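In: Okay, here's the prediction I keep looking at, along with the sequence it came from:
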Amino acid sequence: MIKHSWISCVILFHLSCCTIYCQSNDLQEFNTVFLEREYSPEELDSLTHVIRQYFYEGSYEKVVELGPVMIKSAEKANLFRQEYRARSILGNTFIQLDDFESTFSLFDEGLVRAKKANDTIAMLSSYIDLGNTFLERDPERALPYLKSALTLCEGIDKNKRALFITHNNLSELYAGTELLKEAQFHLDKAELMLEEEGLKDWKEEYIAVILHTQGIINLKQKKYNQAITSIKNSLRLGIDEFDENYLVRNYQNLMSAYENVGQYKNVNTIRHLYDSLVMKRNEADKIKQQKIAASKFKLNRYKQELRASQLENELVLQQSERNSVLLKVALFSGTILLLLLGALLYSRNKRNKLVVDLKTKNHQYLQAKEISEKLARSNTKFLSTISHELRTPLYGIIGLSSVFLDDPELKNHAEDLKSLKFSADYLLALVNDVLNLNKFSSKEGEKINNVPFKLNQLLRHISQSFEFINKKNNNTFQILLDQEIPEIVLGDKTKLSQVLMNLVSNASKFTEDGQIALEAIFTKKTNNQTTILFNISDTGQGIPDEEQENIFKEFTQIESYTLEQGTGLGLPIVNKILNVLDSKLTLSSILGKGSTFSFELTLGNGQINDLQISPSEITGYDQLKNKKILIVDDNKINQVVTQKVLEQYGIAHNTASNGKEAIEAAKKNGFDAILMDINMPIMNGIDASKAIREFNENTPILALTATNYLDGINELSSSGINDSIVKPYKTEDLLDKLIAHVS
């Protein structure tokens, strides 16, 4: 875009909403004697028309003389619309005079005032003017202003003209900076807007400009024939409207397009028109430069007068300040005394108020703390009760189904019993998920218990746990253990198991007729520690991209899955546990092809001597044969389950249904161990254990309970209970506990 193009003039003056009429058609009748007085809104509207005509005529010295006075008068009267019109004309006059510093200062000050007045039309005008200021000289600096104008236009429904102008200017800017795709986008927007109601009357005026820009874009895209068509149409429609700069640019572009397609005859024809126009423009430029020189003289005089006025104001201000010094000193001395007295009174009142407020806030805090602690206790009690009430029947279902699976007479019902046990295990997992979610949000759940264990053994146990569901879903399961990983590692085995169990569970549930792999890959080894990358991958349904973030939120499920969904707690629990272990879960998934969950964990390097071997691995379960155990449980089914388990290993037993019966049985008979339920009617297990310890200090008492105690030994040992087992449990865990205490 050239220094002052025809489109810039239109931008200047079409943003005004109203039509302005001049009180006198004879511009020569304007008398500079009236420059120093203030003007009414109507007079400013008329003067705007006058200086606009001066601008079109090139009488820039008159614009420079009249414009600042109009702006100053409009500022005093808070007439923002009249002010920004005068600023726009004066600023574009400075552009013609190559005084871009004054242009920027004028428009930037106008933008600040428009924002302060919250005048969106004035803000819009300022953004466009600032954009035009730098459009040719510094496009990167112009771009933010035009983008701001575009944003503001889109928020003003009625200002379609400003939106059109902004799109048009952006298309010219991008075309000049070789960003042709963006230029075409904004040009298409501008062209479409000319078809809208209220802008159709602009179509004839602007279609030539749009075709001019389209010709530039086509030429740079090397679409020479299209460029020729666009430029010729632009010249045909705009020959009477264009200023000479646009015509020169069109002729230049047309000659370039003809040269590229080899039409040299047409090049010569256009060159004659081009040379003639350039000569004419050079003559016009001489006259224009004379006017510019006179205008610059007027501009310099304006700046000098402005500076002189500022100096005069500064001198008056300094004199005024000297005259007021003595008065200020006297007032200051008296004021200081009053302020000191007031400050003392205020501080005393404020202190008293703060003391009262502090007492009130402290009382409120203590009340809130008491309520919070009460809610926490209530929540703990609720979870404990729910845990017991749900696990008690589950113990019976899981225990009996396990016993029945080992009964040769029920082999015909093996598949049904496996399904029954799987459903009960699934319900137990749900209960554990809810309790674990609460547990790993507590301080107790953040403790890390590092123990030595065999990683390959842990991975095999996890594989066996999901053997049933993988057979049901026709899945193959593969364990890949890197040989560089030590056989014995040190870490929190329980937490790692929970993470892997949750991830393998998800892979097993959401995969059918596929493959599941559990990988442990050696990453690095430093300072007696080994970093391992765990990958749990499947060839299942996969997870859509838009859902991959949501699955880590609590209680979130993916609706598109057809398999059973669960609680939506598995992955949040995994994240909580990995956060405790200073790790993080990552996901890679393709819809329809499968998913891979990964995390890195640093474990210590252990020795075989560190490994804790269970009693049964040393002696076997035969030593429990003929031992006598007292089973204390108020639930008859649970009694039957425990009896069946003990009978399989030749262990004798008696039963009691509450704490009182347990005390009587312990007095009459000698037992090798007592399996004590905690929550029972008549007398609970805690009180019963205390009573038994009064006459029997040696018989081991194991709490066989459905309540998940976070710190079982500390909570139960004070009652005389030696150890605890949470129902439902694995048979080998119960037997290992009995061996440890009975032997």
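Out: Received it, and whenever you're ready, just let me know what you need. Numbering: from 1, shown residues only.
In: Quickly note the distance from Ile590 to Asn473.
Out: Remark: distance between Ile590 and Asn473 (C-beta to C-beta, to the nearest Å) = 20 Å. Heads up, the C-betas are built off the backbone N, CA and C, glycines and all.
In: After the worst-scoring helix or strand of the chain on mean pLDDT, heading C-terminal, what element do we hit next?
Out: Within the chain, no helix or strand scores below helix 6-14, which has a mean of 45 by mean pLDDT, DSSP states H and E. Going down the chain from helix 6-14, the next helix or strand is helix 41-57, by DSSP states H and E.
In: Keeping just the C-alphas, turn that next one into CSV.
Out: Taking Å, rounded to 0.1, in the frame of the first residue of the first chain, the C-alpha atoms of helix 41-57 are listed here in CSV:
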residue,chain,number,x,y,z
PRO,A,41,-20.6,20.5,18.8
GLU,A,42,-22.3,21.9,15.6
GLU,A,43,-19.4,24.2,14.8
LEU,A,44,-17.0,21.3,15.3
ASP,A,45,-19.0,19.2,12.9
SER,A,46,-18.8,22.0,10.3
LEU,A,47,-15.1,22.5,10.9
THR,A,48,-14.5,18.7,10.4
HIS,A,49,-16.0,19.1,7.0
VAL,A,50,-13.8,22.1,6.3
ILE,A,51,-10.5,20.4,7.3
ARG,A,52,-11.5,17.2,5.4
GLN,A,53,-11.8,19.3,2.3
TYR,A,54,-8.4,20.9,3.0
PHE,A,55,-6.9,17.4,3.4
TYR,A,56,-8.3,16.3,0.0
GLU,A,57,-7.0,19.5,-1.6
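In: Might you calculate how far that helix sits from the centre of the chain?
Out: 52 Å (C-alpha atoms, centre = their mean, to the nearest Å).
In: got a list of what Leu90 touches?
Out: Contact analysis of Leu90 by C-beta atoms under 8 Å, 6 or more residues apart in numbering lists Ile51, Val63, Val64, Gly67, Pro68, Ile71, Leu106.
In: For those residues, which two are the farthest from each other?
Out: Ile51 and Leu106 (13.9 Å; C-beta to C-beta).
In: quick revisit: please identify which of Ile590 and Asn473 sits among more neighbours.
Out: Shown here are Ile590 and Asn473; by other C-beta atoms under 10 Å, Asn473 has more neighbours (18 against 12).
In: so what's that one up against?
Out: Ser508, Lys509, Thr511, Glu512, Asp513, Gly514.
In: burial of the fifth one, as a residue count?
Out: When neighbours are defined as other C-beta under 10 Å, Asp513 has 10 of them.
In: got the phi/psi numbers for the nearest residue to it once chain neighbours are set aside?
Out: Among residues not flanking Asp513 along the chain, Asn474 sits closest, at 4.8 Å (C-beta to C-beta, 6 or more residues apart in numbering). Asn474 adopts backbone torsions of phi 60, psi 50, taken as degrees, to the nearest 10.
In: cool, the one 5 residues further on as well?
Out: Summarising the backbone geometry of Ile479 under the convention degrees, to the nearest 10, its torsions are phi -110, psi 130.
In: is it in a bridge, and if so with what?
Out: Leu518 (DSSP bridges).
In: so how far does stretch 256-267 reach from one end to the other?
Out: Counting by C-alpha to C-alpha, to the nearest Å, you get 8 Å between the two ends of stretch 256-267.
In: returning to what we had before: wait, which of the contacts of Asn473 is closest to Pro544?
Out: Of those, the one sitting nearest to Pro544 (C-beta to C-beta) turns out to be Thr511, at 16.4 Å.
In: Next one: the residue of the chain most remote from its centre, what pLDDT does it get?
Out: Ranked by distance from the centre of the chain (C-alpha atoms, centre = their mean), the top residue is Lys668, with 69.2 Å. On pLDDT, Lys668 comes in at 91.
In: before we move on, what about the one 10 residues further on?
Out: In the predicted model, Ile678 carries a pLDDT score of 88.
In: and it, how many neighbours does it have?
Out: 23.
In: go on, Leu702?
Out: 22.
In: which other residues reach stretch 478-489?
Out: Residues contacting stretch 478-489 (C-beta under 8 Å, 6+ apart): 452-456, 459-460, 463, 515-522, 525, 530, 532, 603-608, 610-611.
In: Show me the chain divided up by domain.
Out: 7-193, 195-281, 440-610, 615-742 (automatic domain parsing).
In: Please compute how far the shortest one lies from its chain's middle.
Out: The offset between the C-alpha centroid of domain 195-281 and the centroid of the whole chain comes to 48 Å, using C-alpha atoms, centre = their mean.
In: if we can go back for a sec, quick check on the contacts of stretch 478-489: which are buried?
Out: 452-455, 459, 463, 516-521, 530, 532, 603-606 (16 or more other C-beta atoms under 10 Å).
In: What segments of the stretch 501-650 of the chain are helices?
Out: For the stretch 501-650 of the chain, the helices defined by DSSP state H, counting those that start in this stretch cover 570-580, 615-619, 636-648.
In: Contacts only, for Leu675.
Out: Contacts of Leu675 by C-beta under 8 Å, 6+ apart are Ile629, Leu630, Ile631, Val632, Asp633, Thr642, Leu702, Leu704.
In: for the residues you listed, which one is nearest Glu546?
Out: For those, the nearest to Glu546 is Leu704 (47.6 Å; C-beta to C-beta).
In: Which helix or which strand is home to that closest one?
Out: strand 701-705.
In: again, but for Glu191
Out: helix 180-193.
In: Name the next helix or strand downstream of that helix, please.
Out: Following helix 180-193 in sequence, per DSSP H and E, is helix 203-220.
In: Could you check the angle that following helix makes with helix 180-193?
Out: 160 degrees (axes from the mean of the first three to the mean of the last three C-alpha atoms, to 10 degrees).
In: returning to what we had before: ok now the helix holding Glu191, how far from the chain's centre?
Out: The answer for helix 180-193 is 32 Å, by C-alpha atoms, centre = their mean.
In: Could you list the low-confidence segments of the stretch 151-300 of the chain?
Out: 155-158, 238-244, 281-300 (pLDDT under 70).
In: For it, just list every one of the helices.
Out: Using DSSP H, counting those that start in this stretch, helices in the stretch 151-300 of the chain cover 160-176, 180-193, 203-220, 224-238, 244-261, 264-405.
In: wait, which of these is closest to Leu146?
Out: helix 160-176 (5.3 Å).
In: what angle separates the closest one from helix 203-220?
Out: Using the same axes, to 10 degrees: helix 160-176 against helix 203-220 is 20 degrees.
In: What residues of helix 160-176 count as buried?
Out: 160-176.
In: now do stretch 728-737
Out: Result for stretch 728-737 [16+ other C-beta under 10 Å]: buried residues Pro728, Tyr729, Thr731, Leu734, Leu735, Asp736, Lys737.
In: Give the rounded mean pLDDT of it.
Out: Mean predicted confidence for stretch 728-737 is 83.
In: secondary structure element for Val489?
Out: strand 488-491.
In: partners of that strand, with directions?
Out: strand 451-454 (antiparallel), strand 594-605 (antiparallel).
In: To Val267, which of those strands lies closest?
Out: So among these, strand 594-605 is nearest, using C-beta to C-beta, at 64.0 Å.
In: got the buried residues for the closest one?
Out: Quick answer for strand 594-605 (16+ other C-beta under 10 Å): Gly594, Ser595, Thr596, Phe597, Ser598, Phe599, Glu600, Leu601, Thr602, Leu603, Gly604, Asn605.
In: export the strands paired with strand 488-491 to JSON lines and tack on mean pLDDT?
Out: Converted to JSON lines, those look like this (pLDDT from 0 to 100):
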{"stretch": "strand 451-454", "mean pLDDT": "90"}
{"stretch": "strand 594-605", "mean pLDDT": "93"}
